[in-house]
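Peer 1: Quick one, structure for this:
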Amino acid sequence: MNNKIVRSLALVAILCGASRSVSAAPISISFLGEGKVGIVKIQSPSLGPLWTYAGELEWASSGESFYSYCVDVNNWALYTQSVDVRPSPELTVPGVFDAGGKAAWLVNTYAPGIHSSGSGDDAAALQVAIWTALYDSGPTLNSGAFKLLWASPDVWNKANGYLSALFTGGPQLSTATWFDAQPGAGQDQMIPSPVPEPASLLLLTTGLAWAGIRRRSSAS
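Peer 2: The predicted structure follows:
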């Protein structure tokens with residue numbers, strides 16, 4: 001993740017807080033294409049069975065590029081979309097404990113290494129694990145609201161490994177930056193945060209909390 005865009009997003013959040021808005025100021029992001037991906041067949045809670053590329057998505061905003069993982073399996077990524085910048089704890093799914101925190105842990109723990117030296121199967125497996133953590137209460141890939149219907153053996157095994165690590169000793173939780181798409185304007189995304197988090201990201205979270213963001217009752 002480019003540090004310059006993190007600083008820019010922190011500034012947006014602080015300015016939003018100063019205006020006492022109940023929502024983060026929307027920004028525009030442009031879809032550049034896929035990064036490292038693999039093909040899988042999934043069961044979306046809303047869209048039903050579908051074949052899709054899973055893995056990294058590449059974006060740009062205000063001239064800065066970054067990559068993300070999808071945290072919204074029920075909508076499509078648009079080439080240009082309007083998003084609010086939010087902290088991952090605000091990402092909630094009914095019936096799932098700390099959905100945003102679990103997704104953030106997976107993104108923060110594995111995405112940077114995959115981006116620098118991993119394979120398309122690594123990225124696809126991570127994406128599948130993120131969707132499972134978000135929409136299901138346990139680590140099983142082929143049951144619950146979200147299901148993995150087909151993937152290569154490598155993707156199956158790696159996704160199971162990511163989920164096993166997530167749930168070892170109870171769910172692991174973290175915080176990342178979540179791009180919450182405006183209704184009808186695209187798909188939600190999550191970008192990895194450096195660990196430990198830099199002051200700029202802490203300012204982002206503080207600014208968003210100051211803005212009085214409402215807790216979501218479901219993923220958009």
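
Peer 1: for the chain, what spans make up the helices?
Peer 2: 3-18, 99-117, 120-135, 153-167, 199-210 (DSSP state H).

Peer 1: Okay, now the unreliable bits of this structure?
Peer 2: 1-24, 194-220 (pLDDT under 70).

Peer 1: residue closest to the middle of it?
Peer 2: residue 190 (2.7 Å; CA atoms, centre = their mean).

Peer 1: residues in contact with that residue?
Peer 2: Going by CB atoms under 8 Å, 6 or more residues apart in numbering, residue 190 touches 68-71, 88, 91, 103-104, 107, 130, 176-179. Quick note: C-beta positions are derived from backbone N, CA and C, even for glycine.

Peer 1: Just send those back as JSON lines, with neighbour count and distance to residue 116 too.
Peer 2: Putting those into JSON lines (neighbours: other CB atoms under 10 Å; distance: CB to CB, whole Å) gives the following:
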{"residue": "68", "neighbour count": "26", "distance to residue 116": "16"}
{"residue": "69", "neighbour count": "26", "distance to residue 116": "15"}
{"residue": "70", "neighbour count": "22", "distance to residue 116": "20"}
{"residue": "71", "neighbour count": "29", "distance to residue 116": "21"}
{"residue": "88", "neighbour count": "26", "distance to residue 116": "22"}
{"residue": "91", "neighbour count": "27", "distance to residue 116": "25"}
{"residue": "103", "neighbour count": "30", "distance to residue 116": "20"}
{"residue": "104", "neighbour count": "29", "distance to residue 116": "19"}
{"residue": "107", "neighbour count": "27", "distance to residue 116": "14"}
{"residue": "130", "neighbour count": "30", "distance to residue 116": "18"}
{"residue": "176", "neighbour count": "28", "distance to residue 116": "17"}
{"residue": "177", "neighbour count": "28", "distance to residue 116": "19"}
{"residue": "178", "neighbour count": "27", "distance to residue 116": "22"}
{"residue": "179", "neighbour count": "26", "distance to residue 116": "22"}
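
Peer 1: Kindly indicate which of those lies nearest residue 154.
Peer 2: residue 130 (17.3 Å; CB to CB).

Peer 1: Name all residues that make contact with that closest one.
Peer 2: Counted by CB under 8 Å, 6+ apart, residue 130 has contacts 69, 70, 71, 103, 106, 107, 190.

Peer 1: gap between the closest residue to residue 78 other than its chain neighbours and residue 152?
Peer 2: Once flanking residues are discounted, residue 78 sits nearest to residue 186: 4.2 Å by CB to CB, 6 or more residues apart in numbering. According to CB to CB, to the nearest Å, residue 186 and residue 152 sit 28 Å apart.

Peer 1: Return the distance of the strand with the most length in the chain from the chain's centre.
Peer 2: In the chain, assigned by DSSP state E, the strand with the most residues is strand 27-44. In terms of CA atoms, centre = their mean, to the nearest Å, the centre of strand 27-44 is found 11 Å from the chain centre.

Peer 1: Dump it to CSV, keeping only the CA atoms.
Peer 2: Output of strand 27-44 as CSV, limited to C-alpha atoms (Å, rounded to 0.1, in the frame of the first residue of the first chain):
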residue,chain,number,x,y,z
ILE,A,27,-14.0,9.6,-2.9
SER,A,28,-13.7,8.2,-6.5
ILE,A,29,-11.7,5.1,-7.2
SER,A,30,-11.0,3.8,-10.7
PHE,A,31,-10.6,0.0,-11.4
LEU,A,32,-7.4,-0.8,-13.3
GLY,A,33,-7.8,-4.5,-13.6
GLU,A,34,-6.9,-7.8,-11.8
GLY,A,35,-3.5,-8.4,-10.2
LYS,A,36,-2.7,-11.9,-9.1
VAL,A,37,-5.9,-14.0,-9.5
GLY,A,38,-7.2,-17.5,-10.1
ILE,A,39,-10.5,-18.8,-11.4
VAL,A,40,-13.1,-20.3,-8.9
LYS,A,41,-16.7,-21.2,-8.8
ILE,A,42,-18.6,-19.8,-5.8
GLN,A,43,-22.0,-19.5,-4.3
SER,A,44,-22.8,-15.9,-3.6
